[in-house]
Structure formats: C-alpha cells, structure tokens
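Any chance you could fold what I've pasted below:
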Amino acid sequence: MDLLNAFVALANFVLIPATAYGAQLALGALGVTLIYGILRFSNFAHGDTMAFGAMITVLFTWWFQSMGISFGPLPTALLALPFGILGCIGLVLLTDRVVYRFYRAQKAKPVILVIVSMGVMFVMNGLTRFIIGPDDQRFADGERFIVSVRSFKEMTGLSEGLAIRTTQGITVVTAIVVVAALFWFLNRTRTGKSMRAYSDNEDLALLSGINPERVVMVTWVIVATLATVAGVLYGLDKTFKPFVYFQLLLPIFAAAIVGGLGNPLGAIAGGFVIAFSEVTVTYAWKKVLVYALPAPLEPDGLVQLLSTDYKFAVSFVILLIVLIFKPTGLFKGQSV
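Just a heads-up that it's a prediction; the model follows:
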C-alpha cells in the first residue's frame with residue numbers, strides 16, 4: 001500500500017502536472033520551430049504572441065460570461081478560443097506586412113530579423129498590458145476536477161489522494177488533436193507539402209512554382225493558431241499574466257532547441273523533456289520518499305534540489321548543455 005501511495009503522490013505532483021505543462025510547451029515550441037524552419041529566424045516575439053491571443057480569448061470569455069453564455073462543465077474560454085485565434089492571426093499578419101516583409105525583401109540576415117523580432121516583442125507586450133493590465137486574470141469556470149482527492153480516496157481506500165484538474169485533461173486532449181491536425185496538414189495537403197519543400201530548399205521550391213508569399217501567410221496563420229491555443233491552455237491551467245508569457249520564452253526556445261530546431265517532432269519531444277526536467281528538479285520529494293522508504297531511512301528535509309523560483313534555470317542549463325554538446329538537438333534539426 002505504501003508503494004501505491006508513493007506512486008499516487010508521484011503522479012499527483014510530478015507526472016500529471018509535467019504532462020500538462022509539457023503539452024503547453026510543445027505547442028509553443030512548434031510555433032517557434034515552424035518560424036525557424038520556414039521563415040529562417042528565431043522569433044523572440046512568440047511568447048507575447050501567445051499572450052496576445054490568450055488576452056483576446058480572455059476578453060471574449062468575460063463577454064460571454066456577462067451574457068450568461070457558458071459551455072456547461074467545460075470552461076467558457078473554449079467557446080471564445082476561435083475569436084482569440086482570429087485576433088492573433090490578424091495581429092501577426094499585420095506585423096508581417098508592416099515589419100517583416102520589408103526585411104525579407106531586403107534579404108536581411110537572420111540576426112537582423114532576430115533583433116527586429118525583439119522590437120516586435122516589446123511592442124506586443126506593451127499592447128497586451130495596456131489593454132488588459134499587468135495583473136493576474138483568472139478566466140476558468142465550469143467543473144474544476146475530473147477526479148478529486150476525496151473521490152479518489154473513497155474509490156481506492158488509499159491515504160494519498162489523486163487530483164486531475166479539468167484544465168489538465170483539456171490541455172492534453174487539445175494538444176493531441178492540434179498536433180495530429182498539424183502533422184496531417186503538413187504531410188497530406190498540397191499547401192503543407194509546399195511549406196515543407198520551401199523549408200528544405202527555398203530556391204528549388206521557387207523554381208517549382210511555389211508562391212513564397214502564400215507559404216509565409218499560411219505559416220503565420222498556423223503559428224498564430226498554435227500560439228493562441230498554447231497561451232489559452234497555459235492560462236487556464238495556471239493563470240493569465242502578460243509577463244509570464246515573456247518568461248515562458250526561455251523554456252519554449254529550450255524545448256525547440258533540445259528537440260532539434262526546425263523539426264516539429266523534436267519540438268514536441270523537447271517540450272516534454274523540459275517540462276519533466278523542471279518539475280522533477282524543483283519538486284520536494286519528501287512525501288514520495290516517506291511512503292517508499294523504510295521508517296529509519298525517511299528524510300527529515302524536503303529533499304528538493306532547487307526551489308520552484310529557479311525552475312527556469314533548469315531550462316537554461318539544459319539549453320546550454322545541448323548547445324555545447326549537441327547543437328542539432330535530439331532529432332537532428334538545424335544547428336544553432
């Protein structure tokens with residue numbers, strides 16, 4: 001029984017949260033890797049793109065709630081999500097036309113586009129904060145738990161309870177659906193194949209009659225969709241605060257680089273590697289070890305390698321190790 005309690009505690013505080021967080025990072029890293037693979041620059045504004053899409057979704061969620069519109073046991077934000085995606089698509093397409101298009105026409109070096117994206121990042125961040133404010137905004141409603149601690153204890157008779165939040169279940173299911181749809185699009189549709197051809201060899205793709213502006217537009221539409229979905233899922237699972245999405249830029253880029261920058265499959269794997277690393281290193285293992293070890297060996301301290309305040313440092317260390325020893329990442333993406 002003690003080993004079962006240890007496993008339940010591990011699942012409750014490590015496996016389930018890390019899986020949901022990994023799905024959110026994977027969706028964010030997919031957007032980064034698509035921009036890098038097709039448009040050939042690192043988009044530092046991606047975190048604030050997520051924040052903007054999530055902000056539009058929050059505003060529509062509040063509007064629906066004020067009119068009494070709900071989604072039953074599910075969060076109303078799922079009804080508002082398409083409006084957030086459309087708003088984010090409009091923003092990124094406007095940004096591309098006003099800013100990035102000029103530098104593409106000038107054949108600017110990738111480092112120039114990186115610096116430009118940093119300027120776009122600050123503008124987006126300021127715009128989001130100006131509209132919705134800098135504070136935490138909670139917009140989740142509906143049922144809070146799929147499985148609650150009390151019901152789990154009653155079903156199993158264990159002393160340790162398991163809780164699975166509705167937002168965690170929605171995150172995993174939504175991520176699976178979105179990733180499956182993306183891979184189907186890239187591998188089965190004519191437009192998706194054109195994007196892959198443009199990414200592999202731009203000159204050959206142009207000689208084949210592929211319209212580069214259409215590829216760019218579709219890429220931004222997909223990236224805006226991924227960014228909004230990732231931002232909303234993170235906001236539902238944790239909380240919405242504009243500056244948090246700026247901080248998420250480090251683990252998202254770490255996930256993309258660890259998996260292999262420019263490789264969509266690597267972005268997904270990297271998201272879960274970073275998430276499980278962060279949660280595992282910052283978790284206090286005392287509760288699990290108390291169940292798993294004999295009484296004389298039970299630890300007195302928290303058995304926590306790092307405080308949760310330093311979880312982004314874990315991403316940074318993993319990023320440094322990968323850049324030094326395997327710059328192409330786990331799935332052999334483009335060298336950084």
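
if I look at residue 134, how far off is residue 145?
Taken as Cβ to Cβ, to the nearest Å, the spacing of residue 134 relative to residue 145 amounts to 30 Å. From N, CA and C alone the C-beta is placed, and that goes for glycine too.

Looking at the two, which one has more neighbours?
A side-by-side neighbour count of residue 134 and residue 145, using other Cβ atoms under 10 Å, places residue 145 first with 16 against 12.

and the more buried one, what is it in contact with?
For residue 145, the set of contacting residues under the criterion of Cβ atoms under 8 Å, 6 or more residues apart in numbering consists of 163-166.

Narrow those to those in helices?
Secondary structure defined by DSSP state H assigns residue 166 of the contacts of residue 145 to helices.

Can you check which helix is longest in the protein?
Scanning the chain for the longest helix, with DSSP H as the assignment, gives helix 212-237.

Show me what counts as buried in it.
Along helix 212-237, these residues count as buried under the neighbour rule (16 or more other Cβ atoms under 10 Å): 215-220, 222-237.

and it, how far from the chain's centre?
Using Cα atoms, centre = their mean, to the nearest Å, the distance from the centre of helix 212-237 to the centre of the chain it belongs to is 11 Å.

For residue 222, see how far away residue 310 is.
Residue 310 sits 33 Å away from residue 222 when distances are taken as Cβ to Cβ.

list the contacts for the residue nearest to residue 228 when sequence neighbours are not counted?
Leaving out its chain neighbours, the residue that sits closest to residue 228 by Cβ to Cβ, 6 or more residues apart in numbering is residue 53, at 2.9 Å. The contact partners of residue 53, by Cβ under 8 Å, 6+ apart, come to 84-85, 87-88, 224, 227-229, 231-232.

After the helix or strand encompassing residue 178, which helix or strand is next? Please name it.
Assessed by DSSP states H and E, residue 178 sits inside helix 166-188. The element immediately downstream of helix 166-188 (helix or strand, assigned by DSSP H and E) is helix 190-200.

ok, and what's touching that following helix?
With Cβ under 8 Å, 6+ apart as the contact definition, helix 190-200 has outside contacts at 37-38, 185-187, 204-205, 208, 210, 212, 214-215, 218-219, 262.

For the stretch 51-200 of the chain, just list every one of the helices.
With DSSP state H, counting those that start in this stretch, the ranges of helices along the stretch 51-200 of the chain come out as 77-95, 101-105, 110-132, 149-156, 166-188, 190-200.

Could you list every helix and strand in contact with the second one?
Packing contacts for helix 101-105, counted by 3 or more Cβ pairs under 8 Å, 6 or more residues apart in numbering; DSSP states H and E, involve helix 110-132.

Could you give the average pLDDT over the helix it packs on?
If you average the pLDDT over helix 110-132, you get 94.

again, but for stretch 255-267
Looking at stretch 255-267 alone, the average pLDDT works out to 89.

Output the contacting helices and strands for the longest helix of the chain.
Helix 212-237 is packed against helix 16-34, helix 46-66, helix 77-95, helix 166-188, helix 190-200, helix 202-207, helix 242-247, with contacts defined by 3+ Cβ pairs under 8 Å, 6+ apart.

hmm, try it at 7 Å
With contacts taken as 3 or more Cβ pairs under 7 Å, 6 or more residues apart in numbering; DSSP states H and E, helix 212-237 sits against helix 16-34, helix 46-66, helix 77-95, helix 166-188, helix 190-200.

If you drop the residues flanking it in sequence, what lies closest to residue 147?
If you skip the residues right next to it in sequence, residue 147 has residue 164 as its closest partner in space, 4.4 Å away by Cβ to Cβ, 6+ apart.

For the one you found, grab the count of nearby residues.
Using other Cβ under 10 Å, residue 164 has 17 other residues around it.

list the contacts for it?
Residue 164 sits next to 16, 145-147 when contact means Cβ atoms under 7 Å, 6 or more residues apart in numbering.

Tell me how far the residue nearest to residue 228 lies from residue 287.
Separation of residue 53 from residue 287 (Cβ to Cβ) stands at 37 Å.

likewise residue 174?
Applying Cβ to Cβ, the value for residue 174 to residue 287 is 30 Å.

what sits against the residue lying closest to residue 241 once chain neighbours are set aside?
What sits nearest to residue 241 in space, not counting adjacent residues and going by Cβ to Cβ, 6+ apart, is residue 136, at 4.9 Å. By Cβ under 7 Å, 6+ apart, residue 136 lies in contact with 239-241.

can you check residue 152 too?
Under the contact definition (Cβ under 7 Å, 6+ apart), the residues listed for residue 152 are 161-162.

mind redoing it with 8 Å?
Counting by Cβ under 8 Å, 6+ apart, residue 152 touches 8, 158, 161-163.

hmm, back to that, where is pLDDT lowest across the contacts of residue 136?
Confidence by pLDDT is poorest for residue 239 among the contacts of residue 136, given 85.
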